[in-house]
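K.L.:
Prediction below, plus the sequence it came from.
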Amino acid sequence: MSKINTKVTDSVNFFQGNKPSELTAKFGSPLYVYNERILRERCRELKHLVDYKNFIVNYSAKANSNLAFLEIVNEEGLYVDAMSPGEIYVELKAGFKPEQIFYISNNVSKEEMQYAIDHNILISVDSLAQLEQYGQINPGGKVAIRFNSGVGAGHHEKVVTGGKKTKFAVNPEYIPEVREILKKYDLKLVGINQHIGSLFMEGDKYIEGVKAILEIVKQFDDLEFVDLGGGFGIPYEKLNDQPRLDLKDLGTKLNKVMEDFAKEYGKEITFKIEPGRYISAECCVLLGTVHAVKQNNVHKFAGTDIGFNVLQRPVMYDSHHDIEVYNDSDETEEITVVGNICESGDILAKDRMLPVINIGDTIGLLDAGAYGYSMASNYNNRLRPAEVLIRENGEAVLIRERDELEDLTRHMISLKK
Ligand code: LLP
């Protein structure tokens, strides 16, 4: 059995013969490292979630929109959602066809809507005002509407997107107004979508949300699709043996709901789901280097180069990421792992039992592929790290260069002539 130091990555042969410290020596530290085999496995698991025939997995690219990453998702036959023209732009570059992209907009300008229309990409709007705006610029066009079925779920209040407190979606009580606007601009409503929130570990809430949105769907004839949203969780506490989401059980339940609904609706309507995290989180380890170890009053700190500009999740949502320490320590101790940003809140893990850490060690933050790089910033004028992909043959290739100092001033305009 492998030591706790590398237990999780060993169990899936994550590094495939590459040594973490050699990867950072070659590509720089910190470093986002992805494993292609695991990414492909996750895509395939969800593609086969249900037997229902007209089923499409739209990968939610906000979780990770690296070009090479999207190219792999595209090769696996998934489609994508987009949250901005920027995501649409990268998705088209990655090889997705316009009809494979679904733009789930929220409070967007006319210009942003026009960008999608010009590229023949279907838009979902999520307010009466935005439906009106869409009608004005694309009368006679096709459109989807995001409804709030009243069900919400998520790992933190910031990521619950259904229910009473959210800015998203149209409440069903406005269906009469929706119909009026559709009629006024001769719009064809082709789909209804929802997203109840991010990260559920038990399928029941999702199924509840599905049933609730289908009650809304029933009120519209002749839709082409229903998009049920994402939120499929992954176990972030693997070192505590947190169980996985039971996909088989969820798939069986979903399948039944879909089959039953198709019968009732009188047509094999297409069902879509929109997972981001489930596809992208676990195929990535974020490597960093320890530059200081010190005792400050009651806490022992390991100071690393992984600031919250590199990985925001622990600071933003108190999220847990397991940590591996790539050294030979057999002893463990309680330590707080922090970054190099000038805020006391720059904490990756508080009072965590970890193998004893020494200066110069390489550490790995696990399951960092979802909302990791995509939420990274240049705060403190730090350079965003490189991204590397371990190909199926074990070769580590660069898929994004690390920022350079010149990037920091690329769009700044000096007052000096
Ligand atoms: N569809 C829509 C409309 C969404 O807003 C989202 C996520 C997804 C799908 C994908 O959700 P997923 O399957 O990844 O849970 N930054 C947060 C998560 C924010 C999720 C935003 N919306 C985090 O790091 O946990």
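P.N.:
Yep, that arrived.
K.L.:
give me the number of residues near residue 353?
P.N.:
By other CB atoms under 10 Å, the residues close to residue 353 number 11. Bear in mind the C-beta positions are built from the backbone N, C-alpha and C, glycine included.
K.L.:
again, but for residue 324
P.N.:
Counted with other CB under 10 Å, residue 324 comes out at 25.
K.L.:
Just give the closest residue to it, not the sequence neighbours.
P.N.:
residue 364 (4.3 Å; CB to CB, 6 or more residues apart in numbering).
K.L.:
From the chain's centre, how far out is the helix or strand containing that neighbour? Work that out for me.
P.N.:
Secondary structure assignment for residue 364, by DSSP states H and E: strand 362-366. Going by CA atoms, centre = their mean, to the nearest Å, the spacing between the C-alpha centre of strand 362-366 and its chain's C-alpha centre is 20 Å.
K.L.:
and the strand ranked longest in the chain, is it in reach of the ligand?
P.N.:
In the chain, taking DSSP state E as the definition, the longest strand is strand 284-296. No. Using CB under 6 Å from any ligand atom, we find that strand 284-296 stays clear of the ligand, coming within 12.7 Å at best.
K.L.:
And that strand, what's buried?
P.N.:
Residues of strand 284-296 classed as buried: 284-290, 293 (neighbour count, 16 or more other CB atoms under 10 Å).
K.L.:
Residue 229: which of those residues is nearest?
P.N.:
Comparing the buried residues of strand 284-296 against residue 229 with CB to CB places residue 284 closest, at 22.6 Å.
K.L.:
list the contacts for the residue nearest to the closest one when sequence neighbours are not counted?
P.N.:
Distances taken as CB to CB, 6+ apart put residue 369 closest to residue 284, at 2.9 Å, once the chain neighbours are dropped. Taking CB atoms under 8 Å, 6 or more residues apart in numbering as the contact definition, residue 369 lies against 32, 34, 39, 63-64, 280-284.
K.L.:
and the residue nearest to the spatial centre of the chain, what is it in contact with?
P.N.:
Nearest residue to the geometric centre of the chain (CA atoms, centre = their mean): residue 63, 2.3 Å. For residue 63, the contacting residues are 276-277, 279-281, 369-371, 374, by CB under 8 Å, 6+ apart.
K.L.:
and those near the ligand, which?
P.N.:
276-277, 370-371.
K.L.:
Residue 231 is in contact with residue 153, isn't it?
P.N.:
Yes. Counting by CB atoms under 8 Å, residue 231 touches residue 153, with 6.5 Å between them.
K.L.:
shared neighbours, those two?
P.N.:
Common neighbours of residue 231 and residue 153, using CB under 8 Å, 6+ apart, are 196-197, 200, 206.
K.L.:
and which of those residues is nearest the ligand?
P.N.:
Of all those, residue 197 has the smallest distance to the ligand: 7.4 Å, by CB to the nearest ligand atom.
K.L.:
for the residue nearest to residue 324, what are its contacts?
P.N.:
9, 20, 285-288, 323-326.
K.L.:
again, but for residue 143
P.N.:
122-125, 131, 134, 182, 187-190.
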